[in-house]
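Student: one predicted model, sequence on top.
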Number of protein chains: 2
Amino acid sequence: MQEKLRTYKASIFQALSHPTRIAILEVLRDGELSARSIQEKLGVEQANLSQHLAILRSRQIVANRKDGNQVFYSIRNPVLLEVLDVMRRYFQTNLADAIQMLEEVECEASVR
Amino acid sequence: MQEKLRTYKASIFQALSHPTRIAILEVLRDGELSARSIQEKLGVEQANLSQHLAILRSRQIVANRKDGNQVFYSIRNPVLLEVLDVMRRYFQTNLADAIQMLEEVECEASVR
DNA sequence: TAAGAATATTCTATATTGCGAATATACACA
DNA sequence: TGTGTATATTCGCAATATAGAATATTCTTA
């Protein structure tokens, strides 16, 4: 596989590499929601949510539909939900390691 | 799902969010390899590879086994390969969008 | 048209990441 | 023990990412 393709995949993973963006995809799992509803469900700053949505949009991960005053977001490709599902299985089969990691992550998520 | 769990998931995605690290997992798909072999296959700097391996290690994604002079790496949990497989499907069902993205990514991968 | 609501963008400060160069460590074997 | 090979770590710098504050844009409705 060429470098370019890997860079694309990496950019998708990168889009998924933030807790808020994972949360966004999880609340969109059951169907589209307005930006405002997402914001209320997640309890984040308006500007911050908008930035995260911009990232998901730029990677074509979510679609947005304007309706009057509001913008409704939805997951563009359901296969992405499978990615999240498999990750859930990954997490489950990894429980022991994960618990340890959670503790580390709690202090600092970085390697260095 | 709690924030902590999302942070954990995000940290796994973050580990996958670099082309070199994706490449590492791909060459490890068929079994363990020494760091040197990985380096030769990928053609990256020794120090750089070691840094990427450190990230994968810190997330418990790879296991390492020391044998004399060398360190052999392998994928710790095969479910992770499924994640990559699903991503491949994601890519395939997304071809049109992806091609467009590849062009953009070619110039600059960032949103801003 | 004016005011208000929903969303996006820009700006600024800070933190994190990624790279190569240099250095350190660990092991093998003469 | 000394030398070479394999791997890891540290350092400094450039690039990127994230957050909140401020501002802009778009739409609705009085």
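Tutor: Perfect, thanks for sending it.
Student: without its sequence neighbours, what residue ends up closest to residue A:12?
Tutor: residue A:59 (6.0 Å; CB to CB, 6 or more residues apart in numbering or on different chains). The way it works is simple: take the backbone N, C-alpha and C, and place the C-beta from them, glycine included.
Student: number of nearby residues for residue A:79?
Tutor: 17 (other CB atoms under 10 Å in any protein chain shown).
Student: how about the residues of chain A near DNA strand D?
Tutor: A:14, A:17-18, A:20, A:44-45, A:47-48, A:51-52, A:55, A:66, A:68-69 (CB under 7 Å from any atom of the strand).
Student: so what's the backbone phi/psi at the nearest residue to residue A:94 once chain neighbours are set aside?
Tutor: Once flanking residues are discounted, residue A:94 sits nearest to residue B:77: 5.7 Å by CB to CB, 6+ apart. Backbone torsions for residue B:77, taken as degrees, to the nearest 10, come to phi -130, psi 110.
Student: give me the neighbour count for residue B:77.
Tutor: 18.
Student: show the pLDDT at residue A:4.
Tutor: We have a pLDDT of 84 for residue A:4.
Student: how close does it sit to residue A:68?
Tutor: Going from residue A:4 to residue A:68 by CB to CB, to the nearest Å gives 40 Å.
Student: more neighbours: these two, which one.
Tutor: Neighbours of residue A:4 and residue A:68, each counted by other CB under 10 Å, are more numerous for residue A:4; the result is 12 against 5.
Student: element containing that one, please.
Tutor: helix A:3-15 (DSSP states H and E).
Student: now the next helix or strand after that helix: how far from the chain's centre is it?
Tutor: Following helix A:3-15 in sequence order, the next helix or strand is helix A:19-27 (DSSP H and E). Offset of helix A:19-27 from its chain centre (CA atoms, centre = their mean, to the nearest Å): 4 Å.
Student: can you tell if helix A:19-27 touches chain B?
Tutor: Yes - with CB under 8 Å from any CB of the partner chain as the criterion, chain B is reached by helix A:19-27 at A:19, A:21, A:22, A:23, A:26.
Student: is DNA strand C contacted by that helix?
Tutor: No - Helix A:19-27 does not reach DNA strand C (CB under 7 Å from any atom of the strand); its nearest approach is 11.1 Å.
Student: and that helix, what does it pack onto?
Tutor: For helix A:19-27, the packing partners by 3 or more CB pairs under 8 Å, 6 or more residues apart in numbering or on different chains; DSSP states H and E come out as helix A:35-42, helix A:46-58, helix A:79-93, helix B:3-15.
Student: got the domain ranges for chain A?
Tutor: According to automatic domain parsing, chain A comprises the domains A:3-76, A:78-112.
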